[in-house]
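Chemist: Got a predicted structure here, sequence first:
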Amino acid sequence: MPSTVLDGILTRYEVEGSGPPLLMFSPGGFNATLENWRTHGVYRKANVLAHLRERFTCITFDRRESGRSGGRVERIGWLDYARQGRSLLDHLGIERAHLMGGCVGCSVALRFAVSYPDRAGRTVLFSPAGGVRYRMLQHARLARHLGYVREHGLQGVRDLAGVTDAGFSADARVGPWVTVLRTDPVFAAEYAKTDPDRYELVVNGMARLLFDRDTVPGAEPEDLLLLDVPTLIVPGQDASHAPSAARYLQECLPTAEYWDVPVAEQTETTAPARVLAFLG
């Protein structure tokens, strides 16, 4: 599987299918890998990717700090994630693409569309992550990680990452850089030497930047109200993908199409057909 270095960060990606380009921002929280389009929740059940690649050139990738992509200890915001997608389009020589986000990828897709509107075609937001419980969960997860850092140090985090397979979503102690700790020995060595006070500032800053509201993070509502990009919203239905999050986007994107179908009825028969009909 190919990889390239974008803005100094290794990025693993895959291009499959043929037709107009579709840049896909992966689902999966803090481990948003390209495989999740095939293995994760509703995307696996609906087999969306297999149907999309029959009519589109589907570009999937491991978001930074996920899967086999690299990372960097810095205060990460949604624009950083969106910039990775834009740089991947640059690398592939693609000027403009349709967008699709799944779960947390919806926040990245929206940030991309707001920041680079000339490069965004029609946009699908499939099961957007958001809601009050989602925000509380993320803040608690990052706080628990910092508690472990204070007790064991960053070398302790590095050591823990080496003896467990758990990701950050399953075990907050390992932190948001755990996949890079496991795949990049040079990064791991530098990580362990990071000043702990600086590290705490970075992580607290990430919590504030990434999870700053009880709706859907990623783009300001005023920017969404001005966004002139055709959009399809497919609602989720659990604590981290609250229906209220999808309804919030509907309010902020007044011209968006809202597929008002419960998750149980988002199947391989219905969901790919609805997305393909929207993308044209």
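Modeler: Received it, and whenever you're ready, just let me know what you need.
Chemist: And the contacts of stretch 78-97?
Modeler: The contact list for stretch 78-97 (CB atoms under 8 Å, 6 or more residues apart in numbering) reads 4, 6-7, 9, 11, 13, 15, 20-23, 25, 59, 61, 63-64, 74, 107-108, 111-112, 115-116, 118-121, 209-210, 217-219. All C-beta atoms are positioned from the backbone trio N, CA, C, and that covers glycine.
Chemist: quick one: average confidence on that stretch?
Modeler: For stretch 78-97, the mean per-residue pLDDT is 98.
Chemist: how about it: buried residues?
Modeler: Neighbour counts over stretch 78-97 (16 or more other CB atoms under 10 Å) mark 78-89, 92, 94, 97 as buried.
Chemist: how far away is the most centrally placed residue in the chain from Tyr148?
Modeler: Nearest residue to the geometric centre of the chain (CA atoms, centre = their mean): Gly105, 3.3 Å. Distance of Gly105 to Tyr148, computed by CB to CB, to the nearest Å: 27 Å.
Chemist: After the helix or strand hosting Ala161, heading C-terminal, what element do we hit next?
Modeler: Taking DSSP states H and E as the criterion, Ala161 maps to helix 132-163. For helix 132-163, the following helix or strand on the C-terminal side (DSSP H and E) is helix 178-183.
Chemist: contacts for that next one?
Modeler: Contacts of helix 178-183 (CB under 8 Å, 6+ apart): 31, 65-71, 157-158, 161-162, 167-168, 174, 187-188, 191.
Chemist: List only buried entries from those residues.
Modeler: By 16+ other CB under 10 Å, the contacts of helix 178-183 give 31, 65-71, 157-158, 161, 167-168, 174, 187-188, 191 as buried.
Chemist: my guess is His98 is in a strand, correct?
Modeler: Yes. Checked against DSSP: H, G, I helix; E, B strand; the rest coil, His98 lies within a strand.
Chemist: check contacts around the closest residue to it other than its chain neighbours.
Modeler: Of all residues not flanking His98 in the chain, Gly121 sits nearest, at 4.0 Å (CB to CB, 6 or more residues apart in numbering). Counting by CB under 8 Å, 6+ apart, Gly121 touches Pro20, Arg96, Ala97, His98, Leu99, Val229.
Chemist: What pairs with the helix or strand where Gly121 lies, parallel or antiparallel?
Modeler: Assigned by DSSP H and E, Gly121 falls within strand 120-126. Applying DSSP bridges, strand 120-126 is found paired with strand 97-102 (parallel), strand 231-234 (parallel).
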